[in-house]
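Undergrad: following is a predicted model, sequence given first.
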Amino acid sequence: MKGIIVTLLMLLSLPAVAQVQNGYVKSLGRPNAKGAALQGVTIRVKGVHNAVVTAQTGKFSISMTGKKAGDAYALQSVRKTGYELVEAGMIGRNYAFSPSVTMQIVMVNSSQLQADKQRIENNAYKAAEKNYKTKMAALQKQLGEKKITETKYEKEVNDLQKQFEKYEALIGQMAEHYAKTDYDELDEKNKQVNQLIENGDLERAEEMINSMFDPTDVLKRAKEDRQRIDKQMAEAQALMEEAERQRQEVLKRQAKDAEYLYQLFTIAYSKFDIDKAKEYITIRAELDPDIVEWQIFTGLFYLEVMGDYDTAMKYNNRALVASQKQDGEQSMNTALCYNNIASSYYYKKDYRQALDNFQKTISIWSELLGEDYEMVARAYDNVASVYMEQGNYGEARKNLDKAFEIKKKLYGDNSPELGELYLNRGGLCEKQKDYEGAAENYSKAYEMFIAKYGEMHPNVGTVYNNIGSIYGHYKDYGHALAMFSNALKIWSTTLGDNHPNVRTALENIGEAAMQYGDAESEKANYDSALKYYTLAKDSYIRAYGEANRKVGLAYEYMGLTNVYLKNTKEAEANFVSAIEAHSKAPDGKQSHIASLKETLEVIRQNMK
């Protein structure tokens, strides 16, 4: 600490005393393993020249020369190879310096996180699909028993299908929430509920929560608690310590209430009970408008699921204000708020505002993390997506190139981490009809994904599918068929037979077989095409029921194939089924149905 120099003797008799902030870094506690001390984590505080590295005990000490208790400081970086922060918002956030209070940092192994996310997402998808089928069966039963009208049935089916599609938009976010949950911080009952949800056993999870927690009075109770505490603190300074103690208890209970609400939201959402899901997640956000993370997720829900851009913007802006107040403009959470606001404008097709907010995100992340950082690369990738929507492929390429430059500096020219960027660049080339460039980039992505994941991974399946598309553009249907078949094998193994990607692969194989045939044939293989179109149709029926536009299209493909095979009776039956599916589908188009009826009449005339 530097003071006024009176005499040389005074200067020598008052040496500077360094203040120290102690801390501890641990791994994320999971159901099967408690968190453990992490050695070798490099930690840097903003404005402090030297970084520190954690010892074998996970402990570290940072010299805070010139700081006194209560002064603000912020983390600039926390890094360990193969690990990432559970709470990324710690970077840039203001903390109060305390020589007596230990800062705790939790990190998670990146490979473990990805594996847990994939497992939880798969279980959530299976549970949601089961609930979807149950609701469809109930609607069909009601229709059959004349308890609802045809119009009401079509509306309910349409709403349910939309809910299922929107459910997929947030399933990854929910999986990440549970994959990043620190089980060391949960009591035994909360651990049980979380494990049930992770395993897709939502009914038992809901029963447990309902036996312990009533969400209907949460807002009222939280409001009454805050009012009581504020009154006590205003009445007398002597009550401040007691009031503060109670406040901490309320916040602790509020955090538990919030977790129950999130768990109930997860269960309701997987059942496609969107109204309940909206109620739970909105209550959680309103419990404490100053908790940035709650506002951010609620905004994402209204954006991706409800399509309510104005309400989404309300929560995103609330999160931004709270983050700016708590952490300052130059913080990770503030940058994330700008990123989500940009996404809202992106959906509203206000690309100017979207670009403006994405640029703010890049500016803050670059300042906090440096230009050469993973999240900055992702932000440039987002900007490229906006330009692609505008058809400005030159700017899209420029921003993709920036993302490439950063990742190459971080990981090297041939790192598997570049795989997704090569995949996106291939998509850009394909949009520009540069099929040779697209194929080159897809091949690069394949090499990266194989090195990172091995053969049996969904991303590898995506590359096979996209390469098949390129062969299709060249009318090389034999090779296209081989690529689509590889994609089908990988997707069905890793994602399950009822995943939308599997249905896409089945249809692509059917089309390739129609145009060319199997790998051993030099002519169209209609039998093979019919086989895969039928499999696609069956998969759509399992997922959506008979009254669906995609089911109708599958029947059309089958009918057309039977026409080529001269199986006129089968073709007639296929087109009858197609007309029925389109007619009952909520989004069925009358002009298309009329066209199908004309085709059916031609087939019947030929049969005569």
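TA: Perfect, thanks for sending it.
Undergrad: host element of residue 171?
TA: Under the criterion of DSSP states H and E, residue 171 resides in helix 150-179.
Undergrad: revised request: answer the last question for residue 234.
TA: Assigned by DSSP H and E, residue 234 belongs to helix 218-235.
Undergrad: distance between that helix and the chain's centre?
TA: Centroid displacement of helix 218-235 relative to its chain, using Cα atoms, centre = their mean, to the nearest Å, is 36 Å.
Undergrad: what's next to that helix, contact-wise?
TA: Contacts to helix 218-235, defined as Cβ atoms under 8 Å, 6 or more residues apart in numbering, come from residues 239-240, 242-244, 246-247, 250, 254, 257, 261, 283, 286-288. Yep, even glycine has a C-beta here, placed from its N, CA and C like the rest.
Undergrad: same for the helix holding residue 171, what does it pack against?
TA: With contacts taken as 3 or more Cβ pairs under 8 Å, 6 or more residues apart in numbering; DSSP states H and E, helix 150-179 sits against helix 110-144, helix 188-198, helix 240-270, helix 292-301.
Undergrad: CA atoms of the last one as CSV?
TA: Just to be clear, that refers to helix 292-301. What follows is helix 292-301, C-alpha atoms only, in CSV (Å, rounded to 0.1, in the frame of the first residue of the first chain):
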residue,chain,number,x,y,z
VAL,A,292,-29.9,-13.0,-13.9
GLU,A,293,-29.8,-16.7,-14.8
TRP,A,294,-33.5,-17.2,-14.1
GLN,A,295,-34.5,-14.2,-16.3
ILE,A,296,-32.2,-15.4,-19.1
PHE,A,297,-33.7,-18.9,-19.2
THR,A,298,-37.3,-17.6,-19.0
GLY,A,299,-36.6,-15.3,-21.9
LEU,A,300,-35.2,-18.2,-23.9
PHE,A,301,-38.4,-20.2,-23.1
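Undergrad: what's the angle between whatever helix or strand comes next after that helix and helix 292-301?
TA: Next helix or strand after helix 292-301 toward the C-terminus (DSSP H and E): helix 309-327. Angle, helix 309-327 to helix 292-301, by axes from the mean of the first three to the mean of the last three Cα atoms, to 10 degrees: 160 degrees.
Undergrad: and helix 309-327, what other elements does it pack with?
TA: Secondary elements touching helix 309-327 (3+ Cβ pairs under 8 Å, 6+ apart): helix 292-301, helix 332-347.
Undergrad: now that we have those helices, can you turn them into CSV and tack on distance to residue 206, mean neighbour count and mean pLDDT?
TA: Below are the helices and strands packed on helix 309-327 laid out as CSV (distance: least, Cβ to Cβ, whole Å; neighbours: other Cβ atoms under 10 Å; pLDDT from 0 to 100):
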stretch, distance to residue 206, mean neighbour count, mean pLDDT
helix 292-301, 19, 24, 91
helix 332-347, 29, 24, 90
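Undergrad: of all the ones you listed, which one is nearest residue 63?
TA: Taking Cβ to Cβ, helix 332-347 is the member of the helices and strands packed on helix 309-327 nearest to residue 63, at 23.8 Å.
Undergrad: and the closest one, what does it pack onto?
TA: helix 292-301, helix 309-327, helix 351-369, helix 374-390.
Undergrad: next, the angle from the second one to helix 332-347.
TA: Calculated by the same axes, to 10 degrees, helix 309-327 forms an angle of 160 degrees with helix 332-347.
Undergrad: now the angle between helix 351-369 and helix 309-327, please.
TA: Computed by the same axes, to 10 degrees, the angle separating helix 309-327 from helix 351-369 equals 20 degrees.
Undergrad: what's the mean pLDDT across helix 309-327?
TA: Helix 309-327 shows a mean pLDDT of 91.
Undergrad: alpha carbons of it, as CSV, please.
TA: The C-alpha coordinates for helix 309-327 follow below in CSV (Å, rounded to 0.1, in the frame of the first residue of the first chain):
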residue,chain,number,x,y,z
TYR,A,309,-40.9,-12.3,-28.9
ASP,A,310,-42.2,-9.3,-26.8
THR,A,311,-42.3,-11.3,-23.5
ALA,A,312,-39.0,-12.9,-24.4
MET,A,313,-37.5,-9.4,-24.8
LYS,A,314,-39.0,-8.3,-21.5
TYR,A,315,-37.1,-11.0,-19.6
ASN,A,316,-33.9,-10.6,-21.7
ASN,A,317,-33.9,-6.8,-20.9
ARG,A,318,-34.6,-7.4,-17.3
ALA,A,319,-31.6,-9.8,-17.2
LEU,A,320,-29.5,-7.2,-18.9
VAL,A,321,-30.4,-4.5,-16.4
ALA,A,322,-29.7,-6.8,-13.4
SER,A,323,-26.4,-8.0,-14.9
GLN,A,324,-25.2,-4.5,-15.6
LYS,A,325,-26.1,-3.5,-12.0
GLN,A,326,-24.5,-6.5,-10.4
ASP,A,327,-21.6,-7.3,-12.6
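Undergrad: distance from that helix to the middle of the chain?
TA: Counting by Cα atoms, centre = their mean, helix 309-327 comes out at 20 Å from the chain centroid.
Undergrad: quick one: the strands in the stretch 501-608 of the chain?
TA: Here the stretch 501-608 of the chain has no strands by DSSP state E, counting those that start in this stretch.
Undergrad: the helices in it, which residues?
TA: 526-544, 549-564, 568-584, 590-607 (DSSP state H, counting those that start in this stretch).
Undergrad: deepest-packed of those helices, please.
TA: Among the helices of the stretch 501-608 of the chain, ranked by average contacts under mean count of other Cβ atoms under 10 Å, first place goes to helix 549-564 (a mean of 23).
Undergrad: contacts only, for the closest residue to residue 89 other than its chain neighbours.
TA: Nearest non-adjacent residue to residue 89, counting by Cβ to Cβ, 6 or more residues apart in numbering: residue 333, 4.3 Å away. Residue 333 makes contact with 89, 92-93, 292-293, 296, 319, 323, 326-327, according to Cβ under 8 Å, 6+ apart.
Undergrad: how about those in CSV, adding distance to residue 567?
TA: Shown next, in CSV, are the contacts of residue 333 (distance: Cβ to Cβ, whole Å):
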residue, distance to residue 567
89, 62
92, 66
93, 68
292, 62
293, 59
296, 56
319, 59
323, 64
326, 69
327, 67
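Undergrad: which of these sits closest to residue 541?
TA: residue 296 (38.2 Å).
Undergrad: now do the nearest residue to the closest one once chain neighbours are set aside against residue 313, distance only.
TA: Nearest residue to residue 296, sequence neighbours excluded (Cβ to Cβ, 6+ apart): residue 319, at 4.8 Å. Separation of residue 319 from residue 313 (Cβ to Cβ, to the nearest Å) stands at 11 Å.
Undergrad: out of these two, which sits in the more crowded spot?
TA: residue 319 (28 against 18; other Cβ atoms under 10 Å).
Undergrad: any idea how far the more buried one lies from residue 356?
TA: Look at residue 319 and residue 356: by Cβ to Cβ, they are 18 Å apart.
Undergrad: shared neighbours, residue 319 and residue 313?
TA: Joint contacts of residue 319 and residue 313 (Cβ under 8 Å, 6+ apart) are residue 299.
Undergrad: so where is the protein shaky, pLDDT-wise?
TA: For the chain, the stretches with pLDDT under 70 are 1-18, 49, 236-239, 516-524, 543.
Undergrad: my read: residue 37 touches residue 58, true?
TA: Yes - counting by Cβ atoms under 8 Å, residue 37 touches residue 58, with 2.9 Å between them.
Undergrad: now the common contact residues for the two.
TA: Joint contacts of residue 37 and residue 58 (Cβ under 8 Å, 6+ apart) are 24-26.
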